[in-house]
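**Student:** Compute the structure for the input listed below.
(chains A and B)
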Amino acid sequence: MILFSLFSVLMLVCAALAVTRRNPVNAAMLLVLSLFCMAGLFVLARAWFLAAAQVLVYAGAIMVLFLFVIMLLDVKEEARRRFSWVAVGGTLLAGSLLLAALAVVIREGRLARVPADAVEGATAAVGRRLFSASLLPFEIASVLLLVATVGVVVLMRAARPSSS
Amino acid sequence: MESVGLNHWLVVSAMLFGIGVAGVILRRNALVVFMSLEIMLNAANLALVAFARHGGGLDGQVFVFFVITVAAAEVAVGLAILVALFRLRGTVRVSEIAALKL
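**Tutor:** You can find the predicted model right below:
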């Protein structure tokens, strides 16, 4: 419970700060911290493989990609922004709708009675499931990654005018 | 010691999702909007892991694995589009990139 609260609060605070910082590099760093906290939450949920994947893929690869692009674009600090009240209203509306849905779910209360130790997220079990029941999605995901790679190369070539 | 129930996980996930929504709607920098999108994806991942922990079997975790995979591909393509857009327009502010706006 203590660890859960610690990780949750730290994750939420870091995410909120990341969203509100005006310097994109600060935002990216705070987001990395937030993702680490989420990996800790995954460990608490006994999803060890996912915790490792979270740190490697998200906090490692994806955020490095973000930092590279920030460096590449040389993004300056954002000017102090005027709030568009339509946007603020939309945010409040979306948030309150989400909270209302959550309140309904919690008041129903059937979800919370499921025993917590029903599943062990060991890496071997996840791997077995990955390569037996969901083999086809796994292969499709690999093709998707290939398509993304080729797509990025094509995009970068097309963006460069009259190079060759 | 009070144990952590599924509701706690869902509340944390919903709050994280709300932070992501606020970032997407309120921020002007397309890069930060993109980071907020990642926050929302992670909130969904957290909910999936919580459901898997509380009696959903391993399917939730396998699903999160695929979400992470697709997110990696999405980030690569999205950032490539952003870089191309920056070369074309010289800005990443979403208010100035309105070519598709009606």
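
**Student:** Using CSV, write out every CA atom in the host helix or strand of A:Met38.
**Tutor:** A:Met38 is located in helix A:24-44, with elements delineated by DSSP states H and E. What follows is helix A:24-44, C-alpha atoms only, in CSV (Å, rounded to 0.1, in the frame of the first residue of the first chain):
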residue,chain,number,x,y,z
PRO,A,24,10.1,20.6,-23.7
VAL,A,25,13.4,19.0,-22.4
ASN,A,26,12.2,19.4,-18.8
ALA,A,27,8.9,17.9,-19.9
ALA,A,28,10.6,14.9,-21.5
MET,A,29,12.8,14.3,-18.4
LEU,A,30,9.8,14.4,-16.0
LEU,A,31,8.0,12.1,-18.3
VAL,A,32,10.9,9.6,-18.1
LEU,A,33,10.6,9.7,-14.3
SER,A,34,6.9,9.2,-14.5
LEU,A,35,7.4,6.2,-16.8
PHE,A,36,9.8,4.7,-14.3
CYS,A,37,7.2,5.1,-11.6
MET,A,38,4.8,3.3,-13.8
ALA,A,39,7.3,0.5,-14.2
GLY,A,40,7.4,0.3,-10.4
LEU,A,41,3.6,0.0,-10.4
PHE,A,42,3.9,-2.8,-12.9
VAL,A,43,6.2,-4.6,-10.6
LEU,A,44,3.7,-4.2,-7.8
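
**Student:** tally of neighbours for A:Val152?
**Tutor:** One way to gauge burial is a neighbour count; for A:Val152, by other C-beta atoms under 10 Å in any protein chain shown, it gives 19. Just so you know, the C-beta spots here come from the backbone N, C-alpha and C atoms, and that holds for glycine as well.

**Student:** Quantify the burial of the closest residue to it other than its chain neighbours by counting its neighbouring residues.
**Tutor:** Nearest residue to A:Val152, sequence neighbours excluded (C-beta to C-beta, 6 or more residues apart in numbering or on different chains): B:Ala80, at 4.3 Å. By the other C-beta under 10 Å criterion, the neighbourhood of B:Ala80 contains 20 residues.

**Student:** Need the pLDDT of B:Ala80.
**Tutor:** We have a pLDDT of 89 for B:Ala80.

**Student:** now swap in the one 4 residues further on and tell me
**Tutor:** According to the predicted model, the pLDDT of B:Ala84 comes to 86.

**Student:** So it lies in a helix, does it not?
**Tutor:** Yes: the assignment for B:Ala84 (DSSP: H, G, I helix; E, B strand; the rest coil) places it in a helix.

**Student:** pretty sure it contacts A:Leu155?
**Tutor:** Yes: when contacts are counted by C-beta atoms under 8 Å, B:Ala84 is listed as touching A:Leu155 (5.6 Å).

**Student:** And B:Phe86, how close does it get to A:Val19?
**Tutor:** 21 Å (C-beta to C-beta, to the nearest Å).

**Student:** more crowded one of those two?
**Tutor:** Set B:Phe86 next to A:Val19 and count neighbours by other C-beta under 10 Å: A:Val19 wins out with 24 against 20.

**Student:** Now do whichever strand or helix holds the more buried one against helix A:24-44, angle only.
**Tutor:** Using DSSP H and E, A:Val19 maps to helix A:2-20. The directions of helix A:2-20 and helix A:24-44 differ by 160 degrees, with axes from the mean of the first three to the mean of the last three C-alpha atoms, to 10 degrees as the criterion.

**Student:** need the helix or strand of chain A with the lowest average pLDDT.
**Tutor:** helix A:85-108 (a mean of 81; mean pLDDT, DSSP states H and E).

**Student:** The following helix or strand past it - contacts with which helices or strands?
**Tutor:** Reading on from helix A:85-108 to the C-terminus, the next helix or strand found by DSSP H and E is helix A:123-132. The elements that helix A:123-132 packs onto, with contact taken as 3 or more C-beta pairs under 8 Å, 6 or more residues apart in numbering or on different chains; DSSP states H and E, are helix A:48-53, helix B:59-89.
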